[in-house]
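Trainee: dropping a prediction and its sequence here:
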Amino acid sequence: MSRTPIAVIGGLLGFFFYVAAVLALGDSVLKLHWALQAVYFVLAGSLWVFPVRWLMLWAAGRR
């Protein structure tokens with residue numbers, strides 16, 4: 001089996017669970033100061049890039 005279908009399925013499942021975790025934690029962050037909210041949402045919106053980059057390189061056969 002090719003790496004691409006594994007990466008697509010793993011990526012979609014991982015993204016689903018990441019979004020669910022960010023949303024669950026986001027409810028408690030909404031009670032904090034606006035500056036802490038901004039930091040949380042900037043980090044939550046950008047941290048998913050690193051595992052996706054690794055997954056794409058792995059699927060392409062490069063590391």
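Mentor: All right, it came through fine.
Trainee: now the residue sitting nearest the centre point of the chain, nearest residue through space, not along the chain?
Mentor: For the chain, the residue lying nearest the average C-alpha position, counting by CA atoms, centre = their mean, turns out to be residue 48 (2.9 Å). Computed as CB to CB, 6 or more residues apart in numbering, the closest residue to residue 48 that is not its neighbour in sequence is residue 18, at 5.5 Å. (Each C-beta comes from the backbone N, C-alpha and C, glycine too.)
Trainee: please report how far the one you found lies from residue 62.
Mentor: As for residue 18, its distance to residue 62 is 23 Å (criterion: CB to CB, to the nearest Å).
Trainee: neighbour count winner among these two?
Mentor: Neighbours of residue 18 and residue 62, each counted by other CB atoms under 10 Å, are more numerous for residue 18; the result is 15 against 7.
Trainee: helices or strands up against the helix or strand hosting that one?
Mentor: Element membership for residue 18, per DSSP states H and E: helix 3-29. Here helix 3-29 is seen to pack against helix 34-46, helix 49-60 when contacts are counted using 3 or more CB pairs under 8 Å, 6 or more residues apart in numbering; DSSP states H and E.
Trainee: average pLDDT across that helix?
Mentor: If you average the pLDDT over helix 3-29, you get 95.
Trainee: try stretch 42-61
Mentor: Stretch 42-61 comes out at a mean pLDDT of 94.
Trainee: ok now that stretch, how far from the chain's centre?
Mentor: For stretch 42-61, the gap between its own C-alpha mean and the chain's C-alpha mean amounts to 7 Å (CA atoms, centre = their mean, to the nearest Å).
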